[in-house]
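Novice: Have a look at this prediction, sequence included:
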Amino acid sequence: MPTITILPHAEYCPAGAQIDASPGTSICEALLEHNIDIEHACELSCACTTCHVVVREGFDSLGEIDESEEDLLDRAWGLEPTSRLSCQAILSRRDVVIEIPKYSINHAKEKGGG
């Protein structure tokens, strides 16, 4: 069973966390199941970028990225080469380390930053 290490995020996970999840589960589903309430405005349907995460370790172990996810990621705040939409990043049997970006597109708009 893979472990997801979540780096500290002031709003969603101030102290950071380590959670276990079943292979075949999306990172977003695993976070929500463990009461880490990451934004997911489209209800996990790959239609927004609010669940964007940066995979710091274990990127290559996740399910393949498809074209619709790539297109959406182009609009994500703080995009990095190892960015994924957590609703589409399916766990295998390897551990991953993720960072939830400081802002999402929704947060930037609500706070007047974008």
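Specialist: Structure received.

Novice: so who does Cys42 touch?
Specialist: Going by C-beta atoms under 8 Å, 6 or more residues apart in numbering, Cys42 touches 48, 50, 87. To be clear about C-beta, it is placed using only N, CA and C from the backbone, and glycine gets the same treatment.

Novice: ok, so of the residues you listed, who is nearest Leu31?
Specialist: Of all these, Leu31 sits closest to Cys87, with 10.0 Å by C-beta to C-beta.

Novice: one step back: most surrounded residue in the contacts of Cys42?
Specialist: Cys87 (26 neighbours; other C-beta atoms under 10 Å).

Novice: Ala47 is in contact with that one, correct?
Specialist: No - Cys87 is not in contact with Ala47 according to C-beta atoms under 8 Å; the separation is 9.3 Å.

Novice: distance of Glu33 from Ala76?
Specialist: The span separating Glu33 from Ala76 equals 23 Å under the rule C-beta to C-beta, to the nearest Å.

Novice: Could you give the number of residues near Cys46?
Specialist: Cys46: 15 neighbours (other C-beta under 10 Å).

Novice: State the helix or strand in which it lies.
Specialist: Using DSSP states H and E, Cys46 maps to neither a helix nor a strand.

Novice: so it makes contact with Leu72?
Specialist: Yes - using C-beta under 8 Å, Cys46 is in contact with Leu72, at 6.7 Å.

Novice: show me what contacts the closest residue in space to Ser45 that isn't next to it in sequence?
Specialist: Nearest in space to Ser45, with sequence neighbours left out and distances taken as C-beta to C-beta, 6 or more residues apart in numbering, is Cys87 at 7.5 Å. Contacts for Cys87 (C-beta under 8 Å, 6+ apart) come out as 26-29, 40, 42, 44-46, 51.

Novice: Okay then, goodbye and thanks.
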